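Undergrad: Predicted structure and sequence below. I'll ask about it afterward.
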Amino acid sequence: MFDFNKYQDKLILSAIFLFFMFAQLPAQAQDTYLFKEGLIANIPHRYGREALYTDELAYQLYTNALKTPADGSVFKNDDKGQPIAWKKIAADSLGRLRVGRGGGFGRGSSYIYLTYNAPAARAALLNIKGNSGVYVNGVPHMGDPYASGFLSIPIKLKRGLNEFYVRGGAIVANLNFPATPVFISTADSTLPHVVINRQTGKLQGAVVIMNTTNKELRGLILKTVLEGKEVTTELPAILAMSSRKVPFSFDATGIQQKGKFNCALTLTDKGRSLDIAAIPVEAVNAGEHYSSTFISGIDNSLQYFAVTPQSGVDTNNAALFLSVHGAGVEAIGQARAYKPKDWGTLVAATNRRPRGFNWEDWGRLDALEVLQIARDKFKPDPLKVYLTGHSMGGHGTWFLGATYPDKWAAIAPCSGYPTLKGYGSADGLVPDSSTNPMEQMLLRSSNQSDVVKLAENYKPLGVYILHGDSDKVVSVKYARQMKKVLADFHTDNSYYEYPGGEHWFGDQSVDWNPLFNFFKWHLRLPDSSVTRIDFTTASPGISASYRWASILQQQHPLQYSRITLERNKPGKAITGTTVNVKTLQFDFQEFNAGTTISVTLDGSATLKYTTEGTKPLLLNREGNTWTIASAIPAKTEKGPHRYGTFKDAFNHQVVFVYSTIGTPAENEWSLEKARYDAESWYYRGNGAVDIISDKEFSLAKYKDRGVILFGNKSSNAAWKLLLNDCPIQVERNKITAGNKTWNGGDHSAIFVWPIRGSEVASVGVVGGSGLNGMKAAFGNQYFAGASGFADFMIYDLKMLQSGASGVNLAGFFDNNWKLVEQEMITQ
């Protein structure tokens, strides 16, 4: 249950390599090449939790200015005029390439240069542990910063010299040459438990299929045989020189007792066997901890959650506890830290990975998916739903509690920190204190992550804070900080510092009896009993509602919006104030039709409204005046259903669309970028994505699915279907945004746009005005948890050297998806 975020460098330089040095390789690996020597240089680069990034080596690589390294050669001079030189390094007895302590090198500030001379062109699997990324012959690929060991990337080796620029200062690197070109990898399987007499029959798991051929694979069949029961599953397409984690079904009805059973897997193509493998399926008795799998609505991938079942006889009014884990912890490990409770069921979500997204972004969505599944499955008393978590999950508890205060009766963060930017893992390029308008605009896109600014949302919740007073990983100062924040307005909280407690002081670090007693004393009020509302949100697209009031639109996107409302005892008069609210909705379902409600907001004239069944009251603000609106804003406008920002395009079973009508170099970049983002999505989010060409795309076939389009109007044929009506246009040698124009091929663009004909889906554009601009868009820190992205950002290749000063335009569309000067910054 230890949270490793704070000490990643120490881990990678010590015991973690002992464990992962010989991590499971594909069974089909015919031979392995271990990189035993290389060159290292302390080259400045920064990939933060925001849209900006800087990387001097990438800049030189993209501009063809990068000189081949040699021992002692100077990469460039640093800001103090001192030379940055390449230095020879050799692998130690554990196969680690690094510079020891005192060498002036760190994992986060170094590049390692490796070479491999191939006697002939061939495919290989690249496995590097401890890196955040790698360029293979100039093409970027995902790294394995947490040294998890499971990430093997199909690459093409050319005959002769192959060059690898590895971002990271302490790594183990291998090339593996598989005996068969297409095979099953079980190193990163996702499997449910069989629960005797409870969870049996047809279940679903997932394994990785490796495709090291130059051909896309379609129509593959995966057959499973478990205890004599056979099931076949048709697999989704797998791009050439790529891998994909695929769901499959198996029949567990033949398992009648507790134990581990081998499930045989056979991969076939048109009846021809490609590979065989086996995975262990574990069966447990009813009442034991177990895992369940489900297909995620985000991307159709297979995810799982873990359960600590209620002890004794289930009751109709039982509680539900959602527990969110710390960094590096599996959900099943989280669940096993809790003893069964006789008054409720505990479920542990995954955050999509043990590190995932810090319970923000798609980690947040995973928690919501699991919460809904648990509600449907266990049918708890809706007044008895609770949230808790440890370490990174303590942050998740603070964040999810503030973001969705109407979902919980009480919350209990354990050994957690409130915000990433205030914790040691914060790594942004822009300080909060910045007064630069462009930097402030970029910071604004992360407002939803600032728990302290949302703290008033804890008012209706019971809050129990548990922290060890000797915690050296997540300092107790964070618990004391939040205790002080709550003291200003919150009266229903309890605080305990465990004497001598370090970051993990046994299972009682989470399974703490006083904490669960605190939960037992708290009930979530029904909506009809809530007469006071004090609710803040930064984005209605993330969190729009508290009980009977919803913020549908803001006056200024992603600035903080707040509603403070009071309903008199009969409930027929509402008074209150609002901040940054354009459109507001009230639901009056408890009132009979024909009831007259009076509403007075911000001191404006009182409005009278007569209820019509379950029809909500819509209010619209113009200037300082509130009026009753006749209808909910059209789905073509911004709203909780689709509000931006750029990251929103990755939802709704996203599909990646690469270009085919550009120049050969542009098309090659587009496909490489799609692969790179798919690798990143898999590693960070246990995800899978369909990757198709522009000519395959149609609005009808991919209706209501999010789209990421790689390229521009000149290179990607899908542009005219998705973006002809967009005020931002990117074509070869030119970008326009309204009345603004940038000429030349060095500009990049990242932006989101609603897909016409869909009420929910958006298209995200990743491209540029030329090959240099496209390469500058290789950076994909939008997959980093809590990284803030606006609706649009146009920047120059020089951003890789200068940071925010290289951004040309950034901001947000208004509620009608129009460009307006007051919501964007140009420089």
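TA: It's in.

Undergrad: just how off-centre is stretch 125-135 within its chain?
TA: Distance of stretch 125-135 from the chain centroid (Cα atoms, centre = their mean, to the nearest Å) equals 20 Å.

Undergrad: and that stretch, how far apart are its ends?
TA: Terminal residues of stretch 125-135 are spaced 14 Å apart (Cα to Cα, to the nearest Å).

Undergrad: helix or strand right after the lengthiest strand in the chain?
TA: If each strand of the chain is counted by residues according to DSSP state E, the longest one is strand 272-284. Once strand 272-284 ends, the next helix or strand along the chain (criterion: DSSP states H and E) is strand 290-295.

Undergrad: Just the CA atoms of that next one, as PDB, please.
TA: Taking Å, rounded to 0.1, in the frame of the first residue of the first chain, the C-alpha atoms of strand 290-295 are listed here in PDB:
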ATOM      1  CA  TYR A 290     -12.600 -11.100  -5.300                       C
ATOM      2  CA  SER A 291     -12.200  -9.100  -8.600                       C
ATOM      3  CA  SER A 292     -14.900  -8.500 -11.300                       C
ATOM      4  CA  THR A 293     -14.400  -7.200 -14.800                       C
ATOM      5  CA  PHE A 294     -16.400  -4.900 -17.000                       C
ATOM      6  CA  ILE A 295     -16.300  -3.200 -20.400                       C
END
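
Undergrad: Could I get the full set of strands for the stretch 351-500 of the chain?
TA: Using DSSP state E, counting those that start in this stretch, the strands of the stretch 351-500 of the chain run over 385-390, 410-414, 462-468, 493-498.

Undergrad: strand partners of the longest one, parallel vs antiparallel please.
TA: Sheet partners assigned to strand 462-468 using DSSP bridges are listed as strand 410-414 (parallel), strand 493-498 (parallel).

Undergrad: quick check: angle from it to strand 385-390?
TA: Regarding strand 462-468 and strand 385-390, their directions subtend 20 degrees when assessed with axes from the mean of the first three to the mean of the last three Cα atoms, to 10 degrees.

Undergrad: Could you tell me the end-to-end distance of stretch 713-731?
TA: Between the opening and closing residues of stretch 713-731 there is a gap of 5 Å (Cα to Cα).

Undergrad: Check which residues of it are buried.
TA: Along stretch 713-731, the positions that meet the burial threshold by neighbour count (16 or more other Cβ atoms under 10 Å) are 713-719, 721-723, 726-730. From N, CA and C alone the C-beta is placed, and that goes for glycine too.

Undergrad: Quick check: the two most widely separated of these?
TA: Taking Cβ to Cβ as the measure, those reach their widest spread between 717 and 727, a distance of 20.9 Å.

Undergrad: how about CSV for the strands of the stretch 351-500 of the chain, with distance to residue 751 and mean pLDDT added?
TA: Converted to CSV, the strands of the stretch 351-500 of the chain look like this (distance: least, Cβ to Cβ, whole Å; pLDDT from 0 to 100):
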stretch, distance to residue 751, mean pLDDT
strand 385-390, 34, 98
strand 410-414, 35, 98
strand 462-468, 39, 98
strand 493-498, 42, 97
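
Undergrad: returning to what we had before: any chance you could list what contacts the longest strand of the chain?
TA: Identification of contacts with strand 272-284 by Cβ atoms under 8 Å, 6 or more residues apart in numbering yields 27-28, 180, 182-184, 186, 189, 191, 193-196, 205, 207, 220, 226, 250, 252, 255, 257-268, 290.

Undergrad: Give me the subset of those residues that lies in strands.
TA: Applying DSSP E to these, the entries found in strands are 182-184, 186, 189, 194-195, 205, 207, 226, 250, 259-268, 290.

Undergrad: burial measure for residue 522, as a count.
TA: Residues within reach of residue 522, counting by other Cβ atoms under 10 Å, total 18.

Undergrad: Next up, phi/psi of it, please.
TA: Backbone dihedrals for residue 522, given as degrees, to the nearest 10, come out at phi -120, psi 140.

Undergrad: Hmm, residue 563 and residue 532 touching each other?
TA: No - here residue 532 does not reach residue 563: they are 11.0 Å apart, not a contact under Cβ atoms under 8 Å.

Undergrad: Looking at these two, which one has more neighbours?
TA: In terms of neighbours (other Cβ under 10 Å), residue 563 is the more surrounded of residue 532 and residue 563; the figures are 21 against 12.

Undergrad: Next, that one: secondary structure please.
TA: Under the three-state scheme (DSSP: H, G, I helix; E, B strand; the rest coil), the conformation of residue 563 reads as strand.

Undergrad: what about the longest helix in this structure?
TA: helix 664-685 (DSSP state H).

Undergrad: Could I get the average pLDDT for stretch 724-743?
TA: Stretch 724-743 comes out with an average pLDDT of 98.

Undergrad: gap between it and the chain center?
TA: A distance of 29 Å separates the centroid of the chain from that of stretch 724-743, by Cα atoms, centre = their mean.

Undergrad: Quick check: end-to-end length of it?
TA: Criterion Cα to Cα; first-to-last residue distance in stretch 724-743 is 20 Å.

Undergrad: what about the stretch 51-200 of the chain, any weak spots by pLDDT?
TA: Within the stretch 51-200 of the chain, the stretches falling below the threshold (pLDDT under 70) are 100-108.

Undergrad: please redo it, this time with the cut-off set to 90
TA: 51-52, 79, 98-109, 169 (pLDDT under 90).

Undergrad: At which residues are the helices of it located?
TA: Listed from the start of the chain, the stretch 51-200 of the chain has helices (DSSP state H, counting those that start in this stretch) covering 56-62.

Undergrad: Please apply the same query to the stretch 501-650 of the chain.
TA: Using DSSP H, counting those that start in this stretch, the helices of the stretch 501-650 of the chain run over 513-520.

Undergrad: Tell me which stretches of it form strands.
TA: Secondary structure of the stretch 501-650 of the chain (DSSP E, counting those that start in this stretch): strands located at 532-537, 545-546, 549-553, 561-567, 573-579, 583-586, 596-601, 607-610, 617-622, 625-628.

Undergrad: Can you pull out the residues in contact with the last one?
TA: Residues lying outside strand 625-628 but in contact with it, judged by Cβ under 8 Å, 6+ apart, are 599, 601-602, 604-605, 607, 609, 617-621.

Undergrad: Quick check on these: which are buried?
TA: Buried positions within these, assessed by neighbour count (16+ other Cβ under 10 Å), are 599, 601, 607, 609, 617-621.

Undergrad: Would you mind listing the two of those residues that lie farthest apart?
TA: Top of the distance list for the buried ones among the contacts of strand 625-628 (Cβ to Cβ): 609 and 621, 15.6 Å.

Undergrad: check contacts around the closest residue to residue 613 other than its chain neighbours.
TA: Spatial nearest neighbour of residue 613, excluding adjacent residues (Cβ to Cβ, 6 or more residues apart in numbering): residue 593 at 5.1 Å. By Cβ under 8 Å, 6+ apart, residue 593 lies in contact with 611-613.

Undergrad: Alright, I will stop here.
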